[in-house]
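# got a predicted structure plus its sequence, pasted below:
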Amino acid sequence: MTWILPLLLGYLFGSVPFGLILTRLTGAGDLRAIGSGNIGATNVLRTGRKGLAAATLLLDLLKGLVAVLVAAHLWPEGAPLAALGAFLGHCFPVWLKFRGGKGVATTAGVAFGLAWPVGLAYAVTWIGLLALVRISSVAGMTAAVVAPLAAFVLGYPQAGLVLTVIALLVLFLHRENIARLRAGTEPRIGGSKSK
């Protein structure tokens, strides 16, 4: 129970589909019928509402952060499991037949929750690459890979282990993006192609 409770708590936090909720509340339609069908901020951006996309990104980040912080308070050793649970909840929410987002913003949140220097390394990589190449998938995948490396280098081995698992899942969930990157057809932020 000491391991399953933080995992479940993280999953419950992570499974709140903020992108879907916000787009429905504001009359932007069903996010699952737009663009890639994912519930994350990148797909919300395809509705043309930048503010809504920013709010989704922030809320998806915060749910990962809060899940880890609450779990760390209740079960001091359970924070890494809550981090994994939050990621899994976002990507595979039971309420949406296990079809969610790709976990980039939520991973940022759990990274900050596990160790703020690791979260900072994630954020700098993510934002920096996004500004440089303007390809969401490149920025997100690279940041996900940098996070566990930063955790190990900075002396957070438990965070490094769970972030390694998360990074592998992020890469798996971006497999179609990787194929488009290799083909040179992956869209840039602000482009007209769907992801």
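On my side now, so go ahead.

# please name the residues that touch residue 104.
Residues near residue 104 by Cβ atoms under 8 Å, 6 or more residues apart in numbering: 40, 42, 126, 136, 139-140, 143-144, 170. Every residue, glycine included, has its C-beta placed from N, CA and C.

# and the least confident of those residues?
Here the lowest pLDDT out of the contacts of residue 104 sits on residue 42, with 80.

# what about that one, which helix or strand?
In the assignment (DSSP states H and E), residue 42 maps to helix 41-45.

# contacts for that helix?
Applying Cβ under 8 Å, 6+ apart, the contact partners of helix 41-45 are 19, 22-23, 28, 31, 34-37, 52-54, 56-57, 60, 101, 104-105, 136, 189, 195.

# out of these, which are buried?
Among the contacts of helix 41-45, the ones that count as buried by 16 or more other Cβ atoms under 10 Å are 19, 22-23, 28, 31, 34-36, 52-53, 56-57, 60, 101, 104-105, 136, 195.

# among these, which ones are in helices?
Using DSSP state H, the subset of those located in helices is 19, 22-23, 52-53, 56-57, 60, 104-105, 136.

# may I see those residues organised as TSV, with distance to residue 11 added?
As requested, those are exported to TSV (distance: Cβ to Cβ, whole Å):
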residue	distance to residue 11
19	17
22	21
23	22
52	25
53	24
56	19
57	20
60	14
104	18
105	16
136	25
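
# which single one of those is nearest to residue 78?
Proximity of those to residue 78 (Cβ to Cβ) peaks at residue 60, which lies at 21.3 Å.

# give me the pLDDT value at residue 120.
At residue 120, the model reports a pLDDT of 98.

# please renumber the chain so that the first residue is 16 from this point on.
Will do, 16 is the new start, and the previous item becomes residue 135.
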